[in-house]
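In: Next one to model:
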Amino acid sequence: MCRNRVTSLLKQAKQLHIRQKVTESKGDSKQLFSIVNSLTDTKGSSTTSRSEQETFERAEALCDFFIEKLYLSIKPASLCTGVSRLERCITEIQEWMLCYSLKLNGDKTDFIVIGTKQQLSKLPSINLEVNKVTIEPSAQVKNLGVIFDHLTSSKKQSLNIARSANYHLANIGRICKYIDSDTTKTLINSFVTSRLDYCNALLSGTTVVSNLQRIQNKAARVISLTKPTDHITPVIKQLHWLPVQQRIIFKQLLSTLHSLSRPLPAI
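Out: Now for the predicted structure:
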């Protein structure tokens with residue numbers, strides 16, 4: 001009995017500590033990530049590895065930020081003319097950057113040719129020359145955190161969302177027994193729901209929405225501690241969550257309403 005009493009007191013103290021930390025973070029994603037990371041990290045070596053990985057990811061993000069992204073619509077018949085226009089445009093950008101002591105790094109520049117399978121099969125090999133560096137077309141590129149591929153499918157983007165969301169759900173699931181439901185909701189909204197909502201209008205009408213719906217269902221089970229065999233729809237309604245497809249439609253309608261009702265900026 002004494003041992004059980006001590007265990008119960010330790011669990012209550014840990015719950016209070018986590019609740020206070022989450023409340024103090026005031027919804028800051030960086031602080032929340034640090035809290036969850038410290039609670040789920042059991043080995044010192046893993047902390048170093050994760051810290052190095054975060055450094056590499058931030059470095060890649062900075063590289064992506066300085067990559068010049070240009071868009072040009074061309075027909076297969078005028079392919080050579082379109083490529084020449086694109087190379088001249090890149091050259092002008094490079095000259096402008098040199099005037100301000102900046103450098104356009106050809107090794108970190110990507111370009112992608114987008115079209116259907118039939119259209120792409122008719123095209124010859126396309127290469128760009130940037131600062132004496134030959135650039136071959138990429139199968140996929142990332143723009144503002146969204147992955148685009150040459151067939152304009154959304155599979156890569158949905159897989160990226162699922163990978164990130166499942167990682168955070170696993171971490172939250174490890175500590176959910178030490179925190180209350182409101183704290184769990186805060187963590188889920190910061191790490192999972194925000195990823196499901198980011199640029200999700202691009203996924204409207206695609207088949208990958210069902211994959212995102214599974215992630216939302218999993219997040220609802222983590223909050224409510226619902227068994228995998230139980231029906232999840234009543235839980236989502238109790239949480240006042242819209243399903244993913246309805247969230248996308250709601251965002252589109254809300255954006256349309258704002259664009260129509262808000263006054264236009266003065267010219």
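
In: In contact with the closest residue to Thr226 other than its chain neighbours, which residues?
Out: Beyond its immediate neighbours in the sequence, the residue positioned closest to Thr226 (Cβ to Cβ, 6 or more residues apart in numbering) is Val235, lying 5.5 Å away. From N, CA and C alone the C-beta is placed, and that goes for glycine too. Each residue near Val235 by Cβ atoms under 8 Å, 6 or more residues apart in numbering is listed here: Ala220, Arg221, Ile223, Ser224, Thr226.

In: how far away is Val235 from Asn217?
Out: Distance, Val235 to Asn217, by Cβ to Cβ, to the nearest Å: 8 Å.

In: Kindly report the same for His258.
Out: For His258 relative to Asn217 (Cβ to Cβ), the value is 30 Å.

In: more crowded one of these two?
Out: The residue with the greater number of neighbours, taking His258 and Asn217 and applying other Cβ atoms under 10 Å, is Asn217; the counts read 18 against 9.

In: Are there helices or strands packed against the host helix or strand of that one, and which ones?
Out: In this assignment (DSSP states H and E), Asn217 forms part of helix 209-224. Taking 3 or more Cβ pairs under 8 Å, 6 or more residues apart in numbering; DSSP states H and E as contact, the helices and strands that helix 209-224 lies on are helix 155-175, helix 181-188, helix 194-197, helix 233-238, helix 244-261.

In: How far off centre is the shortest one?
Out: In terms of Cα atoms, centre = their mean, to the nearest Å, the centre of helix 194-197 is set 7 Å apart from its chain centre.

In: Show me the shaky parts of the stretch 1-150 of the chain.
Out: Within the stretch 1-150 of the chain, the stretches falling below the threshold (pLDDT under 70) are 1-11, 14, 17, 25-33, 35-72, 131.

In: all helices of it, in order?
Out: 2-25, 29-40, 44-66, 79-99, 117-121 (DSSP state H, counting those that start in this stretch).

In: before we move on, the earlier item: biggest separation within the contacts of Val235, which pair?
Out: Considering Cβ to Cβ, no two members of the contacts of Val235 lie farther apart than Ile223 and Thr226, which are separated by 8.5 Å.

In: quick one, which of these two is more surrounded?
Out: Comparing Ile223 with Thr226 by other Cβ under 10 Å, the one with more neighbours is Ile223, at 20 against 15.

In: Which pLDDT value belongs to the nearest residue to the more buried one once chain neighbours are set aside?
Out: Nearest residue to Ile223 in three dimensions, chain neighbours excluded: Thr184, at 5.1 Å (Cβ to Cβ, 6+ apart). pLDDT for Thr184: 87.

In: swap in Phe250?
Out: What the model reports as pLDDT for Phe250 is 89.

In: which residues touch Pro243?
Out: Per Cβ under 8 Å, 6+ apart, neighbours of Pro243: Gln213, Gln216, Ile236.
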